[in-house]
Structures are given as C-alpha cells and as structure tokens.
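Student: attaching a predicted model along with its sequence, questions to come.
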Amino acid sequence: MNETIETLLNHRSIRKFTDKKLTDEQIHTIIKAAQQASTSSYMMAYTIIGITDPDKKAALAEVSGHPHVTQNGHLLIFCADLKRPVAQATSEQYEATRANLENSEHFLVAAIDAALAAQNAAIAAESMGLGMCYLGSIRNNLARTDEILELPKHVIPLFGMAIGTPDHQPELKPRLPISAVYAENEYPAYEEDVAAFDQELADYYESRSTNNRKDTWSEQMIRRFAKPMRMDVTELVQKKGFNKR
Ligand SMILES: Cc1cc2nc3c(=O)[nH]c(=O)nc-3n(C[C@H](O)[C@H](O)[C@H](O)COP(=O)(O)O)c2cc1C
C-alpha cells in the first residue's frame, strides 16, 4: 500500500486540536493542493476564506456551536463562487449570462468544485500529519455566516474546515461494505449489507472509547430526515443568485 492510500484509509475527523497554529507555509501548501483539484470546465468556481480574526472566529463558532471552530490551527471556509468567472464581462454580457449562471446546474458545478478542492485540502493536511474536520454547522444560520463573511452576490458559504495538530486520536469510523456503494453495471442490491452494517455500527458505538451509545446507522439516518433542517438555506441560496431555475 502506498503512502497516499494509507493516508486516505487512515482518515478520521479531528475535533480537538492543540494550540499550535499552522505556519504560512503549511497553509500555502494546503491551498495549492486544493487548487490543483479538477474543476468543471476550468471554472474554479469556489473561494476559500481563511479566518484568523478572533471576532469572526467567535461569531462563526456561535453559529456552529462547535468549540473546534475557535480552537484549531487554522479555519477555512469554502464558498461556491460564480462571481469571479464572469467578473470581466461587460454589463451587457453579464445580463446575457445571468439566466444560465443562476441555474441549478451552475449551483451544482460550484458546490462540486468547492468540495473537490476541500477534499484535496483535507488530504494534503492529513498527509502533513495534521487533522481536520469539516463544518457543515456553519449553515446552522447561513444568512448570519454570509453576513459575518460579508460575501458578495454569487458567492455563498458552503462549509468550513478546521485544521490543526490533533489532540486526540478517535477510532476509525466504519464505512458501509464496498458492495453497498459500488456495483458494476447496475444499482447495488444493498439491503443485506445495510442490515449487517447496522449491527457492526451498533457494536462500534457500544464499544468505542468516547460518546458510547446504543444506535444503528439506519436509525441515525431515519432520525436525521424525520425533522426539517436548515429550511432557511433555500431562501438565502436564491437571494444570493444561485439555484434560481
Ligand atoms: C460536508 C461535511 C460537513 C460536516 N460537518 C460537520 C460538522 O458540522 N461538525 C462535525 O463535528 N463534523 C462534521 N462533519 C464530519 C462528519 O460527521 C464525519 O466525516 C462523519 O461522521 C464520518 O466520520 P469520520 O470523518 O471520523 O470518518 C462533516 C463532514 C462533511 C463531509
């Protein structure tokens, strides 16, 4: 197994970091690696904001509710960005592009571009011995996050990433069996895999060293979708000029 695969297979989210800040060189390398990800039609439809201002960090932590938003080696916010690709358009050209720019396809393009760049950043960080955790929790109040970051139209925050030196070593979290997520030439028949995984995860939750609980993956997912969540996202997304049609 090569070192890259080892890094990938060793991933676990880190939610407790030492006080050590990332160096400028580490940040530069992580962002360079993020930028080299594939990007749809060369659009590079994302922007990454590094948060060093303690007031902004505290405000984002309030939205998120997670201590690792303030206590980390560096905090990144990944944004979908459809502003820059047409920044040089004349107002006439811009008006002509607007209907296409603001459709669902380009919202997906920007979100996918941002996610690919982010995952490159994550792997780069982990390959350097750092730990990381994604932060969808910045969408707990998306309008507030957007306000804190003062983002222009056609730029919207998607998720954060806390990076730093790990101050704990959580157990690896199991994944579904390969046959549940991968099949050749047809959609996988995963029912038995999910049942087996529920049992495996129940054992994992009961025996892990922190946050023990009685739970299965299926119960967790059904609970997750049982109540409305972040119903304000659609409104802000459309207000910022994304996913309008
Ligand atoms: C887009 C995205 C958003 C996430 N948001 C959060 C978050 O807000 N807070 C958190 O503690 N973990 C967050 N996570 C981490 C997941 O909970 C974690 O990846 C998952 O439970 C699997 O655990 P592992 O990464 O340790 O293998 C997020 C992950 C992704 C991909």
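Tutor: All right, it came through fine.
Student: and the longest strand for this protein?
Tutor: When the chain is parsed with DSSP state E, its longest strand is strand 155-164.
Student: the following helix or strand past it: which residues count as buried?
Tutor: Sequence order places helix 178-181 as the next helix or strand after strand 155-164, per DSSP states H and E. By 16 or more other C-beta atoms under 10 Å, the buried positions in helix 178-181 come out as Ala180. Any C-beta I mention is one placed from the backbone N, CA and C, and that applies to glycine too.
Student: near the ligand at all, the longest strand of the chain?
Tutor: Yes - under the criterion of C-beta under 6 Å from any ligand atom, the ligand is reached by strand 155-164 at Phe159.
Student: for that strand, which strands pair with it and how are they oriented?
Tutor: strand 74-81 (antiparallel), strand 131-135 (antiparallel) (DSSP bridges).
Student: in CSV, list those along with mean neighbour count.
Tutor: Converted to CSV, those look like this (neighbours: other C-beta atoms under 10 Å):
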stretch, mean neighbour count
strand 74-81, 24
strand 131-135, 24
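Student: for Arg213, give me the pLDDT.
Tutor: With respect to pLDDT, Arg213 scores 89.
Student: again with Thr165
Tutor: The model's pLDDT for Thr165 equals 98.
Student: so how far is Met43 from the residue sitting furthest away from the middle of the chain?
Tutor: Note on the chain: the largest C-alpha distance from the chain mean falls to Glu92, namely 35.0 Å (C-alpha atoms, centre = their mean). Shown here: Glu92 relative to Met43, a distance of 21 Å by C-beta to C-beta, to the nearest Å.
Student: might you report the residue contacts of Cys133?
Tutor: For Cys133, the contact set (C-beta atoms under 8 Å, 6 or more residues apart in numbering) comprises Ser13, Ile14, Arg15, His68, Met161, Ala162.
Student: do Phe78 as well
Tutor: Tyr46, Thr47, Ile48, Ala114, Ala115, Ala117, Ala118, Pro157, Leu158, Phe159, Gly160, Met161.
Student: columns distance to the ligand on top of the strands paired with strand 155-164, output as CSV?
Tutor: Shown next, in CSV, are those (distance: least, C-beta to the nearest ligand atom, whole Å):
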stretch, distance to the ligand
strand 74-81, 9
strand 131-135, 3
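Student: out of the ones you listed, flag the one nearest Pro174.
Tutor: strand 131-135 (18.0 Å; C-beta to C-beta).
Student: partner residues bridging the closest residue to Ala110 other than its chain neighbours?
Tutor: Closest residue to Ala110 apart from its sequence neighbours, by C-beta to C-beta, 6 or more residues apart in numbering: Ala80 at 3.5 Å. Bridge pairing for Ala80 (DSSP bridges) gives the partners Tyr46, Ile156.
Student: just checking, Ala80 touches Ala115?
Tutor: No - Ala80 is beyond contact range of Ala115, at 9.6 Å (criterion: C-beta atoms under 8 Å).
Student: find residues that contact each of these two.
Tutor: Leu158.
Student: quick one: Val237 from Ala180, how far?
Tutor: Separation of Val237 from Ala180 (C-beta to C-beta) stands at 31 Å.
Student: correction: Arg213
Tutor: Distance of Arg213 to Ala180, computed by C-beta to C-beta: 23 Å.
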